[in-house]
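S.K.: for reference, the sequence and a predicted model appear below.
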Amino acid sequence: MKEETKILVEKGEMLPLMEEFYTIQGEGFHKGTAAYFIRVGGCDVGCHWCDVKESWNAELHPPTAIENIVENAAKHSKTIVITGGEPLTWDMGPLTKMLKDRGMQIHIETSGAYKLTGIWDWVCLSPKKMKLPTEEVYRKADELKVIVFNNDDFRFAEEQAAKVNEECILYLQPEWSKREKMSALIVDYVMQNPKWKVSLQTHKYLNIP
Ligand SMILES: C[S@@+](CC[C@H](N)C(=O)[O-])C[C@H]1O[C@@H](n2cnc3c(N)ncnc32)[C@H](O)[C@@H]1O
Ligand SMILES: Nc1nc2[nH]cc(C(=O)O)c2c(=O)[nH]1
Ligand code: SF4
Ligand SMILES: [Mg+2]
């Protein structure tokens, strides 16, 4: 990478862009809502069941000027979801400011493992055992979305729920490869513990991105 590009990426003025697509938010509180997704490359959290491992290596994704990202997004939707990879690997300040200046609603999908940068209308925190969220993101999370891969994830979910703010909406989402077994367990758990709600990856059932 050219030195010049590296500096712009460090400042958050260019970002390694994996893909961008207009679709329906499949998960969590805003499921069913049309939104433009910006998927930024780079993540070293290392979830073994991650459904987008191609995003991990930032070097495989072209550094892209945020002006170009914003221009494309503006053509499609007022609701923007920034995901990855782990978007908080990078300084989200410049991108989110530019999107806000264009009057957009901006949501983030994050593990919360790194410093929370950027201006957000909605923070979806999906904590991971290997790299726990920062204290700030627990305070700012609008929804907590815990992925359930095995029984221990119910314990982990309660531990994480104890750390988020009072208004945060609590979701349990089955890990996709275990969806049959875990969906049944989640249904029972939510009926026993109704502060939780079920979240499914509805876009996968709809066969959309
Ligand atoms: C691919 S991640 C990218 C954003 C960020 N790194 C994170 O983990 O929140 C987007 C969302 O998909 C969830 N996810 C990833 N792989 C999954 C799987 N196999 N089954 C269910 N949810 C999954 C993550 O927990 C997260 O909520
Ligand atoms: N439709 C759709 N909804 C999503 N919600 C969160 C996603 C993500 O990968 O961050 C995602 C995704 O990849 N597609
Ligand atoms: S934190 Fe997100 S992108 Fe990174 S490995 Fe885990 S699910 Fe995948
Ligand atoms: Mg996804």
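M.R.: Noted; the coordinates are in hand. Ligands and ions are numbered 1, 2, ... in the order given.
S.K.: CA only for contacts and neighbour counts going forward, please
M.R.: Will do.
S.K.: burial of F149, as a residue count?
M.R.: 18 (other CA atoms under 10 Å).
S.K.: and the closest residue to it other than its chain neighbours, its phi and psi?
M.R.: Distance criterion CA to CA, 6 or more residues apart in numbering; nearest residue to F149, sequence neighbours excluded, is E175 at 5.1 Å. Here the main-chain torsion angles of E175 (degrees, to the nearest 10) amount to phi -60, psi 140.
S.K.: burial check on E175, number of neighbours?
M.R.: Using other CA under 10 Å, E175 has 21 other residues around it.
S.K.: same check on F156?
M.R.: 16.
S.K.: C-terminal to the helix or strand hosting P94, what's the next element?
M.R.: For P94, the host element (DSSP states H and E) is helix 93-101. Downstream of helix 93-101, the next assigned helix or strand under DSSP H and E is strand 105-110.
S.K.: now look at that next one and say if it contacts ligand 3.
M.R.: No: Strand 105-110 lies apart from ligand 3 when judged by CA under 6 Å from any ligand atom; the minimum separation is 6.8 Å.
S.K.: stretch 142-154 too?
M.R.: No: Stretch 142-154 stays out of contact with ligand 3 when judged by CA under 6 Å from any ligand atom, the minimum separation being 9.1 Å.
S.K.: got the end-to-end distance for that stretch?
M.R.: In stretch 142-154, first residue to last residue: 20 Å (CA to CA, to the nearest Å).
S.K.: residues contacting that stretch, please?
M.R.: For stretch 142-154, contacts defined as CA atoms under 8 Å, 6 or more residues apart in numbering pick out 28-29, 122-127, 157, 161, 164, 167-175, 178, 182, 199.
S.K.: check stretch 69-85 too.
M.R.: Here stretch 69-85 has contacts from 18, 22, 34-43, 52-53, 55-56, 95, 98-99, 102-110, using CA under 8 Å, 6+ apart.
S.K.: say whether ligand 1 is contacted by the biggest helix by length in the chain.
M.R.: Longest helix of the chain, by residue count under DSSP state H: helix 179-192. No: judged by CA under 6 Å from any ligand atom, helix 179-192 and ligand 1 are separated, with a smallest distance of 8.0 Å.
S.K.: specify the local secondary structure of the closest residue in space to K129 that isn't next to it in sequence.
M.R.: Computed as CA to CA, 6+ apart, the closest residue to K129 that is not its neighbour in sequence is F156, at 7.8 Å. Put simply, F156 is helix when judged by DSSP: H, G, I helix; E, B strand; the rest coil.
S.K.: does any part of stretch 150-167 sit near ligand 1?
M.R.: No: if you take CA under 6 Å from any ligand atom as the test, stretch 150-167 misses ligand 1, and the best it gets is 11.8 Å.
S.K.: average pLDDT across that stretch?
M.R.: If you average the pLDDT over stretch 150-167, you get 99.
S.K.: now the end-to-end length of it.
M.R.: Length of stretch 150-167, first residue to last, CA to CA: 27 Å.
S.K.: ok, stretch 160-169 next?
M.R.: By CA to CA, one end of stretch 160-169 lies 12 Å from the other end.
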